[in-house]
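Undergrad: Structure of the sequence below:
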Amino acid sequence: MKQVTASGQTVNDAVQSALQQLNTTEDQVNIEIIDEGKKGMFGIFGAKRSIVKVMIKEDPIDQAAKYLEEIAKAFSEDVVIHVTRDENNVTFDLSGKKIAMIIGKRGQTLNAIQHLVQVMLNRHTTEYFRIVVDAEGYRERREETLKQLAERLADKAVKIKKNVTLEPMPSFERKIIHSILQNNPDVETHSDGTDPNRFVVIKSIVK
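TA: Presented below is the predicted three-dimensional model:
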């Protein structure tokens, strides 16, 4: 974190000096007053300069990227993170030789990492960010797999006229299932169970 310690006749003078040195503005920094100083007799005798420490605020997205990098390097030292941001939607895309280890079975490891980064990021900012941690296009492939699974199991539910239960999934994957089948006139869906074992139930409504 870039910071400077500056002094001035007043606290404001010291802050302005620090801002000039850092080439930034007051809304982009944290200010710590080390010594408020004093004017002294007649403004001269016994005067003491004000001293402040001014630190540039670190971007919470950069903090989250560093946190993610620490986690990813436990799997592989060659992981590269590419960050894209669209307002408060942030995607961290990972790539590397051992990416399959980071994805895990049915994306379980990747989902756990995503949850950790989501919690960490939103704990340290007043804004709310929705994040996605992806790995070499896995999320898109997983969505296609879920689409095929939803359609196949919906057909099964209609055929056997019984509820069909899917495996436990994180909320964003359950949302994909619900979205895919919401316009299917033969079935309806709902989620059941408690996290982290909440799952989708597909019910036939064909008489």
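Undergrad: How is the chain partitioned into domains?
TA: By the assignment in automatic domain parsing, the chain contains the domains 3-56, 60-136, 141-204.
Undergrad: May I see these organised as a markdown table, with mean neighbour count added?
TA: Using the backbone N, CA and C atoms, a C-beta is placed for each residue, glycine as well. Listed next are those as a markdown table, based on neighbours: other Cβ atoms under 10 Å:
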| stretch | mean neighbour count |
| --- | --- |
| domain 3-56 | 15 |
| domain 60-136 | 16 |
| domain 141-204 | 15 |
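Undergrad: Tabulate those (JSON lines), appending mean pLDDT.
TA: Output for these, formatted as JSON lines (pLDDT from 0 to 100):
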{"stretch": "domain 3-56", "mean pLDDT": "82"}
{"stretch": "domain 60-136", "mean pLDDT": "92"}
{"stretch": "domain 141-204", "mean pLDDT": "95"}
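Undergrad: Tell me the first helix or strand C-terminal of the biggest helix by length in the chain.
TA: In the chain, assigned by DSSP state H, the helix with the most residues is helix 138-160. As assigned by DSSP states H and E, the chain's next helix or strand after helix 138-160 is strand 164-165.
Undergrad: Could you give the separation of that next one from the chain centroid?
TA: Distance of strand 164-165 from the chain centroid (Cα atoms, centre = their mean, to the nearest Å) equals 31 Å.
Undergrad: now for that strand, which elements pack on it?
TA: helix 138-160, strand 199-204 (3 or more Cβ pairs under 8 Å, 6 or more residues apart in numbering; DSSP states H and E).
Undergrad: Can you give the contact residues for the helix or strand following that strand?
TA: Going down the chain from strand 164-165, the next helix or strand is helix 171-181, by DSSP H and E. For helix 171-181, contacts defined as Cβ atoms under 8 Å, 6 or more residues apart in numbering pick out 142-143, 146-147, 149-151, 154, 166, 169, 187-189, 191, 195, 198-200, 202.
Undergrad: Check stretch 75-92 too.
TA: With contacts defined as Cβ under 8 Å, 6+ apart, stretch 75-92 is touched by 61, 64-65, 68-69, 72-73, 93-99, 101-102, 117, 121, 127-134.
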